[in-house]
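Asker: Okay, here's the prediction I keep looking at, along with the sequence it came from:
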Amino acid sequence: MNSLSLFFLIFLTEIATDLYIPSLPLLPDIFSTTIALAQATMSFHLIGFAIGQPIWGILSDRFDRRKTLLFGFTFFIISSLACAFSHTIHSLIFFRFLQGIGGSSGPVIGLALLKESSESSVIMIKRVSFLTTLLSISPIIGPILGGAFLSFYGWQINFHSIALAGALAMIFFSLQFQGMTKSLSSPCSPVSSKLFLLPLLAVNALLVSCVWIFITEAPFFLIQKFKISPVYYGFYQSATVIFYILGSVITNRGIQHWAAAKILKIGLILITTASISLLTFTLSESLTPLNFLSSFCIFELGLGITRPLLIDKILNARTNMIGAVSASIGFCEISLSSLFLLVLPYISSFLFLACIPLIAISIYIFSLYTNESKSWEFFSPPKGVDE
């Protein structure tokens with residue numbers, strides 16, 4: 001089944017923030033407010049995005065997924081328009097919070113629908129790898145488009161654009177997924193123990209939190225310490241995104257020819273190599289922009305390979321409540337990342353960054369040997385399966 005409209009719906013909820021970023025420095029002057037309140041429009045959006053996920057996940061398990069997603073995305077579109085018509089910073093903060101709640105319906109229910117409409121785990125992994133590739137492009141093109149819109153039309157145009165594009169995508173989705181309900185089911189892998197779910201969620205959230213730590217700390221390390229020009233910093237960050245995309249492409253193409261366990265091992269080995277490398281450079285106090293970026297590019301390559309497989313395994317762990325499980329993926333990622341960002345000022349950030357993946361992989365290996373299945377071979381790819 002063609003699921004492009006579903007991909008686009010999920011993408012819109014992600015790019016909504018990236019389009020908005022260039023407007024942030026202008027908000028204190030526009031609303032005669034403080035920088036702290038302007039930044040609150042970002043933090044409250046993230047809080048709403050985290051809170052909304054378990055709500056939409058539970059509702060989609062209880063009611064028709066298609067209707068629940070349409071309701072959630074309508075909420076997202078209305079709140080986006082409300083943001084554009086805000087006249088005070090406090091109303092903008094409030095509507096950004098609501099926009100986050102509505103926008104969280106896209107990734108949660110969208111992922112559940114992708115799982116339930118996939119005839120096999122191979123197809124699901126191919127879809128997730130394509131989706132994560134699409135979402136990884138958002139931080140690159142979002143600020144560029146947002147800056148262009150801002151220059152010509154003002155800060156409100158970003159919210160108008162999101163609302164219009166969302167309405168069109170929702171119409172196509174409604175027609176394409178006509179009649180789809182939560183009754184669809186997908187094949188469950190042998191590794192489906194309920195006890196296996198929590199370690200998988202922890203591993204995925206720990207690995208994703210490393211990306212947030214990098215985004216937060218890398219500018220200070222490269223620009224302030226090594227005097228890298230802000231003009232060139234974007235190229236450094238783009239390099240890591242390219243390696244993540246490459247990893248996703250490897251999984252997307254390789255899953256038809258190789259066992260998933262083999263691909264997963266490759267990804268985990270790359271992540272382990274990157275972590276040990278970064279740990280060595282940090283402890284020896286020989287960290288430079290080149291070896292720092294090289295280590296994290298290897299990490300991103302491994303993450304791009306590994307993450308689609310982890311997400312599929314998480315969704316397979318509880319096939320009777322995919323909506324809630326899908327919600328738990330994003331909720332754990334955001335919650336754990338936010339917690340780590342709060343403690344970063346008080347610890348050695350690069351030592352912390354190097355240790356997190358090693359902890360994640362240790363949890364994964366330990367859970368394999370304590371889980372009743374104890375198997376890496378959670379499915380064998382059928383031959384000649386295409387999207």
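Answerer: Thanks, I have the structure now.
Asker: Please export the C-alpha coordinates of the helix or strand harbouring residue 108 as CSV.
Answerer: Here residue 108, judged by DSSP states H and E, is contained in helix 105-116. Provided in CSV are the C-alpha atoms of helix 105-116 (Å, rounded to 0.1, in the frame of the first residue of the first chain):
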residue,chain,number,x,y,z
SER,A,105,-0.7,12.4,17.0
GLY,A,106,1.1,12.2,13.6
PRO,A,107,4.2,10.2,14.7
VAL,A,108,2.3,8.0,17.2
ILE,A,109,-0.7,6.9,15.2
GLY,A,110,1.2,7.1,11.9
LEU,A,111,3.8,4.6,13.1
ALA,A,112,1.0,2.3,14.4
LEU,A,113,-0.8,2.5,11.0
LEU,A,114,2.5,1.8,9.2
LYS,A,115,3.0,-1.3,11.3
GLU,A,116,-0.5,-2.6,10.9
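Asker: Tell me what angle the helix or strand that that helix is followed by forms with helix 105-116.
Answerer: Downstream of helix 105-116, the next assigned helix or strand under DSSP H and E is helix 121-153. Counting by axes from the mean of the first three to the mean of the last three C-alpha atoms, to 10 degrees, helix 121-153 lies at 160 degrees to helix 105-116.
Asker: Kindly export the helix or strand just after helix 121-153 (C-alpha atoms) in CSV.
Answerer: Following helix 121-153 in sequence order, the next helix or strand is helix 156-176 (DSSP H and E). C-alpha atoms of helix 156-176 as CSV (Å, rounded to 0.1, in the frame of the first residue of the first chain):
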residue,chain,number,x,y,z
GLN,A,156,3.3,34.2,10.7
ILE,A,157,3.7,32.6,7.2
ASN,A,158,5.4,29.5,8.6
PHE,A,159,2.3,28.7,10.6
HIS,A,160,0.0,29.4,7.6
SER,A,161,2.2,27.2,5.4
ILE,A,162,2.1,24.3,7.9
ALA,A,163,-1.7,24.6,8.3
LEU,A,164,-2.3,24.7,4.5
ALA,A,165,0.1,21.8,3.8
GLY,A,166,-1.4,19.8,6.7
ALA,A,167,-5.0,20.3,5.4
LEU,A,168,-4.0,19.0,1.9
ALA,A,169,-2.1,16.1,3.3
MET,A,170,-5.0,15.2,5.6
ILE,A,171,-7.4,15.1,2.7
PHE,A,172,-5.2,12.7,0.7
PHE,A,173,-4.7,10.6,3.8
SER,A,174,-8.4,10.4,4.4
LEU,A,175,-9.1,9.2,0.9
GLN,A,176,-6.2,6.8,0.8
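Asker: and helix 156-176, what's its mean pLDDT?
Answerer: Mean pLDDT, helix 156-176: 81.
Asker: just how off-centre is it within its chain?
Answerer: Mean-position distance between helix 156-176 and its chain equals 20 Å (C-alpha atoms, centre = their mean, to the nearest Å).
Asker: still on that earlier bit, any idea of the mean pLDDT in the helix holding residue 108?
Answerer: Mean predicted confidence for helix 105-116 is 86.
Asker: how far is that helix from where the chain is centred?
Answerer: Computed by C-alpha atoms, centre = their mean, the separation of helix 105-116 from the middle of its chain amounts to 13 Å.
Asker: likewise stretch 59-66?
Answerer: With C-alpha atoms, centre = their mean as the basis, the mean position of stretch 59-66 lies at 22 Å from the chain mean.
Asker: Test for you: state the pLDDT assigned to the closest residue to residue 217 other than its chain neighbours.
Answerer: The shortest distance from residue 217 to any non-neighbouring residue, by C-beta to C-beta, 6 or more residues apart in numbering, is to residue 349 (4.8 Å). All C-beta spots, glycine's among them, are computed from the backbone N, C-alpha and C. pLDDT, residue 349: 78.
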